[in-house]
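>>> Sequence isn't available, so here's the structure alone:
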């Protein structure tokens, strides 16, 4: 009887407990948020993920425009506090002028799954 | 696609290498009707299969490393620029290094066993290498990516690969040992053909000793892993990952059915003249389906889980 109870727990109980528990790493939110219009240049970028990403292979860049007026700034150093919900944060450095920008990010989950994304935002009236 | 093939080669080679150890350590000692020289020759050929499998793991591993570096590379960076951080400070890198060490241990062990194949103690090193391979594959899959039930998911993955090695690896190696290779003119040497038939007659009746625990381990761990990954049973026919998992389950069921037929129907007829060809045909079909199962497994590893698409 014990094995039947164990099998029943496995087949019925575990799905109820672990529903959607094994989902991959995903970006949950960011600062600046996607399509945000900021009245002041951001001093840092923060990315929140659903799980702890591999920080050492993570990269965050801020890009803008093309040609001679283009900006591509790799943000370093990246940091992440110990808390489960802690974001990856990176300083932007010199203030961004008014314009349209993109945060181009790339990270990796513990299982090697690589995620990439682009977050557009605008800076208006910044000095 | 080539990266899926690299994973497929990794799975096939791991399962075959494990099967070679299973044959030498668990099946041959039960072959009481065989003389020492026959057992020694079979063990030597099993060691050769193990060497080939371990060698195949090297390019497959390098391809997977290149795939990972390409995925992480920024435009204009050299391919190996990110190799240091990837290998030295990520879970994926730890898994890769552990797999490389296990591959090396298995390769050296198989070469060592090939030198004196009848000596069982020489098979301990490749067996440890293969256990390492079975254990470390889970460090680069969905299981380790989870932050909840990680230990259960990793244990299920390890049990799944080990079960596959016991069962599919065992019959895979027996299948390879029981096939007489034609020469350049397409003619099978009668001596080789007779030897291949004799090997099947000797080894196939011993298969249930490892196949039954292997199948049990594979199914139990497979159900556990599926339960951890599915959000709803309907994922099996509505989600891409679920459809692959369902296809894999159906194919495994067909292999189990063919194995049962070999054991109960064809096995008892193996002493007859027409018994071996029928058994060989069935075994080859089993192994071809097993290769397809491992290909689906390679696809499953990189397919988003239910709820992620």
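Thanks, I have it. Bear in mind the structure is a predicted one, so any value in this text is a computation, not a measurement.

>>> buried residues in stretch B:79-98?
Within stretch B:79-98, the residues scored as buried using 16 or more other Cβ atoms under 10 Å in any protein chain shown are B:82-83, B:85-87, B:90-96, B:98. C-beta here means a position set from N, CA and C on the backbone, and glycine is covered the same way.

>>> and it with chain A, contact?
Yes. Shown here: stretch B:79-98 in contact with chain A (Cβ under 8 Å from any Cβ of the partner chain) through B:82, B:85, B:86, B:89, B:90, B:91, B:92, B:95.

>>> could I get those as a markdown table with pLDDT?
A markdown table is the format used below for the residues of stretch B:79-98 next to chain A (pLDDT from 0 to 100):
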| residue | pLDDT |
| --- | --- |
| B:82 | 82 |
| B:85 | 90 |
| B:86 | 93 |
| B:89 | 91 |
| B:90 | 93 |
| B:91 | 92 |
| B:92 | 93 |
| B:95 | 94 |
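
>>> among these, which are in helices?
Applying DSSP state H to the residues of stretch B:79-98 next to chain A, the entries found in helices are B:85, B:86, B:89, B:91, B:92, B:95.

>>> contacting residues for the fourth one?
Residue B:91 is in contact with A:54, A:110, A:111, A:112, B:139, B:144, counting by Cβ atoms under 8 Å, 6 or more residues apart in numbering or on different chains.

>>> For chain A, which segments count as helices?
A:2-8, A:14-18.

>>> Quick check: which ranges of the chain have low pLDDT?
Using chain A. Where chain A drops to pLDDT under 70, the residues are A:1-23, A:66-69, A:126-127.

>>> Sorry, I should have been clearer: chain B.
Scanning chain B for pLDDT under 70 picks out B:1-2, B:180-184, B:309.

>>> what about the longest helix in it?
helix B:36-72.

>>> Go ahead and confirm residue B:130 touches residue B:13.
No. Counting by Cβ atoms under 8 Å, residue B:130 does not reach residue B:13; the two are 10.2 Å apart.

>>> ok, the residue in chain B that chain A sits nearest to - how many residues close by?
The minimum distance from chain B to chain A, using Cβ to the nearest Cβ, falls at residue B:145 (3.2 Å). As a burial measure, residue B:145 scores 22 neighbours (other Cβ atoms under 10 Å in any protein chain shown).

>>> Then the one 3 residues further on?
The local packing count at residue B:148 equals 14, with neighbours defined by other Cβ under 10 Å.

>>> tell me the contacts of the closest residue to chain B within chain A?
With Cβ to the nearest Cβ as the measure, residue A:111 is the residue of chain A nearest to chain B, at 3.2 Å. Applying Cβ under 8 Å, 6+ apart to residue A:111 gives the contacts A:24, B:91, B:92, B:140, B:141, B:142, B:143, B:144, B:145.

>>> Just the ones in strands from those residues, please.
Using DSSP state E, the subset of the contacts of residue A:111 located in strands is empty.

>>> From residue A:72, how far off is the most far-flung residue of chain B relative to its centre?
Ranked by distance from the centre of chain B (Cα atoms, centre = their mean), the top residue is residue B:76, with 38.2 Å. Distance, residue B:76 to residue A:72, by Cβ to Cβ, to the nearest Å: 11 Å.

>>> again, but for residue B:47
Taken as Cβ to Cβ, the span from residue B:47 to residue A:72 is 55 Å.

>>> of the two, who's got more company?
residue B:47 (26 against 11).

>>> Which parts of chain A are strands?
A:27-31, A:36-38, A:44-49, A:59-64, A:71-74, A:79-80, A:88-91, A:99-108, A:114-123.

>>> Could I get the ones you listed in CSV, plus columns for distance to chain B?
Output for the strands of chain A, formatted as CSV (distance: least, Cβ to the nearest Cβ, whole Å):
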stretch, distance to chain B
strand A:27-31, 13
strand A:36-38, 25
strand A:44-49, 11
strand A:59-64, 7
strand A:71-74, 9
strand A:79-80, 13
strand A:88-91, 15
strand A:99-108, 7
strand A:114-123, 4
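
>>> could I get these as TSV with distance to residue B:215?
Formatted as TSV, the strands of chain A follow (distance: least, Cβ to Cβ, whole Å):
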stretch	distance to residue B:215
strand A:27-31	41
strand A:36-38	55
strand A:44-49	39
strand A:59-64	45
strand A:71-74	52
strand A:79-80	44
strand A:88-91	45
strand A:99-108	35
strand A:114-123	35
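
>>> ok, residue 106 - contacts?
Picking chain A for this. Applying Cβ under 8 Å, 6+ apart, the residues contacting residue A:106 are A:58, A:59, A:114, A:115, A:116, A:117, B:72, B:74.

>>> ah, I was thinking of chain B
Applying Cβ under 8 Å, 6+ apart, the residues contacting residue B:106 are B:17, B:50, B:53, B:54, B:57, B:125, B:126, B:129, B:130, B:132, B:133.

>>> and the third one, how many neighbours?
By the other Cβ under 10 Å criterion, the neighbourhood of residue B:53 contains 29 residues.

>>> Correct me if wrong: it contacts residue B:17.
Yes. Using Cβ under 8 Å, residue B:53 is in contact with residue B:17, at 4.0 Å.

>>> of all the residues in the stretch 151-300 of chain B, which ones are close to chain A?
Selection of the stretch 151-300 of chain B residues close to chain A by Cβ under 8 Å from any Cβ yields B:153, B:223, B:224, B:227, B:228, B:229, B:230, B:231, B:232, B:233.

>>> Summarise which helices and strands the helix or strand that contains the fifth one is packed against.
Spelled out, that is residue B:228. In this assignment (DSSP states H and E), residue B:228 forms part of helix B:208-229. Under the contact criterion of 3 or more Cβ pairs under 8 Å, 6 or more residues apart in numbering or on different chains; DSSP states H and E, helix B:208-229 touches helix A:14-18, helix B:142-145, helix B:150-164, helix B:170-177, helix B:240-261.

>>> tilt between it and helix B:240-261?
Orientation of helix B:208-229 against helix B:240-261 (axes from the mean of the first three to the mean of the last three Cα atoms, to 10 degrees) gives an angle of 160 degrees.

>>> For stretch A:52-71, give me every contacting residue.
Taking Cβ under 8 Å, 6+ apart as the rule, stretch A:52-71 contacts A:25, A:45, A:47, A:72-75, A:78, A:80, A:84, A:88, A:90, A:92, A:96, A:99-110, A:115, B:72, B:74, B:82, B:85-86, B:89-92, B:147.

>>> And the contacts of the helix holding residue B:228?
So helix B:208-229 is contacted by A:10-11, A:14-15, A:18, A:21-22, B:22, B:26-27, B:30, B:142-143, B:146, B:149, B:152-153, B:155-157, B:159-160, B:162-168, B:170-171, B:241, B:245, B:249, B:252, B:256, B:259, B:263, B:305-306 (Cβ under 8 Å, 6+ apart).
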